[in-house]
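[1] Predicted structure and sequence below. I'll ask about it afterward.
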Amino acid sequence: MKPGSELRLYCPAQSQYVAPIRHALAAFLEALQVDPGARDDVTTATGEALANVVEHAYVRSSSKTRDVQLLARIDRGGRLSVYVSDRGSFIRRKPLPGRGFGLRIIRAIAQQLRIDTTRGTCVSMTFEGPAFLEKR
Amino acid sequence: MKPGSELRLYCPAQSQYVAPIRHALAAFLEALQVDPGARDDVTTATGEALANVVEHAYVRSSSKTRDVQLLARIDRGGRLSVYVSDRGSFIRRKPLPGRGFGLRIIRAIAQQLRIDTTRGTCVSMTFEGPAFLEKR
Amino acid sequence: MSDGESIKTIRLGGELEIGRKDEIRTALQRSGSDRAVLLDLSDVTYADSVALTELLRFCVSSSHDAIPVALVVRTPQFARVVQYAGLAGAFKIFGDRDAALAYLARSDTE
Amino acid sequence: MSDGESIKTIRLGGELEIGRKDEIRTALQRSGSDRAVLLDLSDVTYADSVALTELLRFCVSSSHDAIPVALVVRTPQFARVVQYAGLAGAFKIFGDRDAALAYLARSDTE
Ligand SMILES: Nc1ncnc2c1ncn2[C@@H]1O[C@H](COP(=O)(O)OP(=O)(O)O)[C@@H](O)[C@H]1O
Ligand SMILES: Nc1ncnc2c1ncn2[C@@H]1O[C@H](COP(=O)(O)OP(=O)(O)O)[C@@H](O)[C@H]1O
């Protein structure tokens, strides 16, 4: 994967946008020759973060702009970072009964998960490993 | 289309990368809800600029890095700009017999085409019109 | 249930994700006469936790009513996301229809 | 050519683009016995100028040998890119196979 490559998408935080954003990410990773298994995993984890924005971010928020931003970026080391951010408010709670699989899935896939709730919520995930090393 | 959205891809300037780059651009535009006709046109024009890099950019160049860079970006006015750049040398010549359709196709589609050959070649294209206006 | 007549098949395909939540929930309905359910998910190319939550809800409620449910899963993303979610033990998953039907037939005679 | 036996059909589909240049050139071969060629491009979802150049080369050389060539084009991107390239007049384009065959039959009797 070539460092410097980047995908940045601003879309309304609505459920019908999640699949197209995921597809754009998958095609971005395919152009960077990430293999299908790793591509699936990254889009799976990212899909969870996007679904959380749609489901939770603006429930307790008065924000007028109800957007979601995706940023996927290859850094110098050939590491992939994905950021999913919103301008809503993070809801801290015990897992709802029979739910709570989203963050669990992300944790199973990403090497690192950080949730920054300083201004809205920014979920950052990094993905490493042989599938993400620069191939040439 | 939401301003600020951006796709940036660095790939080897080889023919097998052109289709995946085009697909990534098409998926990016689809996530931004650009309609299919306009999406086809933009990817058609961009495909021509990419093919030119593969076919011509490094023929008379001693550059060791034989890359192509795609940058597609939505600016404030909801206008789409696409930049295809390389670090090779532009070849100025009369159209080859039975050829020379690439730039012609780009001119037929893009509202603006600029070719900057100061450092390598940067082909910039802008696309405007109702299909690219922000839809909300 | 040797004749398999009261095994209901529910088939879902494509991407099971948040944008199709209502459709998935509607598809996952039982009627009073169902004795067993085969969820044919062979053609599911993608599933997210929203879909898994709906599937789990369906399986749990079926289990309360003593209705066995078997899932046919054949695609790698789906198989993996079930693992990632820690739900491998929550579903009866089979690689093909025949194995799923055999399980449902067995459940009935038990 | 009422029996249509000496009409050769060449079928190309998918994305006709720079990455498939060699394959396209190989597919676009005539043999000595061909009297007319139907290029069935119905399933072409994308074409670029590299593909158009190969198609043009094929049509021009066939025309030199007095072999009529008809293209079947059904997809919007392809139809538009031919226009954008200014090549609408260079190809005999038809919306379906029957119209293309009728044209080739006519060319033969002329
Ligand atoms: N973007 C977000 N905005 C607000 N709250 C969030 C966001 N992402 C996650 N959360 C909170 O974290 C909880 C756990 O999320 P998750 O593990 O995906 O499970 P679920 O969405 O099923 O509850 C959510 O219920 C919610 O309270
Ligand atoms: N990225 C590039 N690097 C070097 N030369 C280029 C580049 N793009 C275009 N050219 C020059 O412009 C000419 C015209 O390009 P085009 O209209 O696409 O037709 P063709 O590629 O068939 O020659 C090319 O033959 C080449 O000389």
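    In hand now; what should we look at? Ligands and ions are numbered 1, 2, ... in the order given.
[2] Which residue ranges of chain C form strands?
    In chain C, the strands defined using DSSP state E lie at C:7-11, C:14-16, C:36-40, C:44-47, C:69-72, C:93-94.
[3] Ok, chain A next?
    Counting by DSSP E, the strands of chain A are A:6-12, A:67-74, A:80-86, A:112-116, A:121-127.
[4] what residues does the third one touch?
    Going back to what we said before, that points to strand A:80-86. A:1, A:13, A:25, A:29, A:34, A:42, A:45-46, A:49-50, A:52-53, A:57-58, A:67-75, A:120-128, A:132 (Cβ atoms under 8 Å, 6 or more residues apart in numbering or on different chains). No exception for glycine: its C-beta is placed from N, CA and C like everyone else's.
[5] partners of that strand, with directions?
    strand A:67-74 (antiparallel), strand A:121-127 (antiparallel) (DSSP bridges).
[6] quick one, what contacts the residue nearest in space to the middle of chain A?
    By Cα atoms, centre = their mean, the mean C-alpha position of chain A lies nearest to A:T46, the distance being 3.3 Å. Applying Cβ under 8 Å, 6+ apart to A:T46 gives the contacts A:21-22, A:25, A:70, A:72, A:82, A:84, A:125.
[7] sorry, back to before: which of the contacts of strand A:80-86 come close to ligand 1?
    A:52-53, A:57, A:121 (Cβ under 6 Å from any ligand atom).
[8] Make a markdown table out of the contacts of A:T46 and add pLDDT and neighbour count.
    Listed next are those as a markdown table, based on pLDDT from 0 to 100; neighbours: other Cβ atoms under 10 Å in any protein chain shown:
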| residue | pLDDT | neighbour count |
| --- | --- | --- |
| A:I21 | 98 | 25 |
| A:R22 | 98 | 24 |
| A:L25 | 98 | 25 |
| A:L70 | 98 | 25 |
| A:A72 | 98 | 25 |
| A:V82 | 98 | 22 |
| A:V84 | 98 | 27 |
| A:M125 | 98 | 24 |
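[9] circling back: just put the strands paired with strand A:80-86 in TSV and tack on distance to C:S31.
    Shown next, in TSV, are these (distance: least, Cβ to Cβ, whole Å):
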stretch	distance to C:S31
strand A:67-74	38
strand A:121-127	40
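[10] C:H64: which of the ones you listed is closest?
    strand A:121-127 (34.7 Å; Cβ to Cβ).
[11] Output the closest one as CSV, restricted to C-alpha atoms.
    The C-alpha trace of strand A:121-127 is given here as CSV (Å, rounded to 0.1, in the frame of the first residue of the first chain):
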residue,chain,number,x,y,z
THR,A,121,-17.2,11.1,18.9
CYS,A,122,-14.2,10.0,16.9
VAL,A,123,-13.6,6.3,16.7
SER,A,124,-10.1,5.6,15.5
MET,A,125,-9.0,2.2,14.4
THR,A,126,-5.6,1.0,13.2
PHE,A,127,-5.0,-2.1,11.1
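[12] how far is it from where the chain is centred?
    6 Å (Cα atoms, centre = their mean, to the nearest Å).
[13] Close to ligand 2: what parts of chain C are there?
    Close to ligand 2, as judged by Cβ under 6 Å from any ligand atom, chain C has no residues.
[14] quick check: longest helix of chain C.
    Of all the elements of type helix in chain C, the one with the most residues (DSSP state H) is helix C:49-64.
[15] Can I get the strands of chain A in JSON lines including distance to D:R20?
    As requested, the strands of chain A are exported to JSON lines (distance: least, Cβ to Cβ, whole Å):
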{"stretch": "strand A:6-12", "distance to D:R20": "26"}
{"stretch": "strand A:67-74", "distance to D:R20": "28"}
{"stretch": "strand A:80-86", "distance to D:R20": "29"}
{"stretch": "strand A:112-116", "distance to D:R20": "40"}
{"stretch": "strand A:121-127", "distance to D:R20": "32"}
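[16] what's the closest of those to C:G14?
    Nearest to C:G14, of all the strands of chain A, is strand A:6-12, at 20.8 Å by Cβ to Cβ.
[17] Note down every partner strand of that closest one and its orientation.
    With DSSP bridges as the test, strand A:6-12 pairs up with strand A:67-74 (antiparallel), strand B:6-12 (antiparallel).
[18] Buried ones in it, by neighbour count?
    For strand A:6-12, a neighbour-count test (16 or more other Cβ atoms under 10 Å in any protein chain shown) marks A:6-12 as buried.
[19] What of stretch C:9-19?
    Applying 16+ other Cβ under 10 Å to stretch C:9-19 flags C:10, C:12, C:15-19 as buried.
[20] Ligand 1 contacts on chain C?
    C:S49.
[21] Would you point out the helix or strand in chain C whose mean pLDDT is lowest?
    One helix or strand of chain C scores below all others by mean pLDDT, DSSP states H and E: helix C:97-109, with a mean of 89.
[22] so how far is that one off the chain centroid?
    13 Å.
[23] Packing partners of it?
    strand C:36-40, strand C:69-72 (3 or more Cβ pairs under 8 Å, 6 or more residues apart in numbering or on different chains; DSSP states H and E).
[24] Of these, give the one that comes closest to A:R104.
    strand C:69-72 (19.4 Å).
[25] And chain C, is stretch A:20-38 touching that?
    Yes: using Cβ under 8 Å from any Cβ of the partner chain, stretch A:20-38 reaches chain C at A:22, A:37.
[26] where are the low-confidence patches of chain A?
    By pLDDT under 70, the low-scoring segments of chain A are A:1-2, A:130-136.
[27] and if you look at chain C?
    C:1-5, C:108-110.
[28] For chain B, what is the nearest residue in it?
    C:G19 (12.8 Å; Cβ to the nearest Cβ).
[29] Hmm, A:I21 and that residue touching each other?
    No: judged on Cβ atoms under 8 Å, C:G19 makes no contact with A:I21 at a distance of 10.7 Å.
[30] Against C:L12, how distant is the residue of chain C closest to chain B?
    14 Å (Cβ to Cβ, to the nearest Å).
[31] need the helices and strands packed on helix C:97-109 in a markdown table with distance to B:S89 and mean neighbour count, can you?
    A markdown table is the format used below for the helices and strands packed on helix C:97-109 (distance: least, Cβ to Cβ, whole Å; neighbours: other Cβ atoms under 10 Å in any protein chain shown):
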| stretch | distance to B:S89 | mean neighbour count |
| --- | --- | --- |
| strand C:36-40 | 58 | 22 |
| strand C:69-72 | 57 | 23 |
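[32] If we ignore the residues flanking it in sequence, what's nearest whichever residue of chain A sits closest to ligand 1?
    When scored by Cβ to the nearest ligand atom, chain A has A:G102 as its residue closest to ligand 1, at 2.1 Å. Nearest in space to A:G102, with sequence neighbours left out and distances taken as Cβ to Cβ, 6 or more residues apart in numbering or on different chains, is A:E48 at 4.1 Å.
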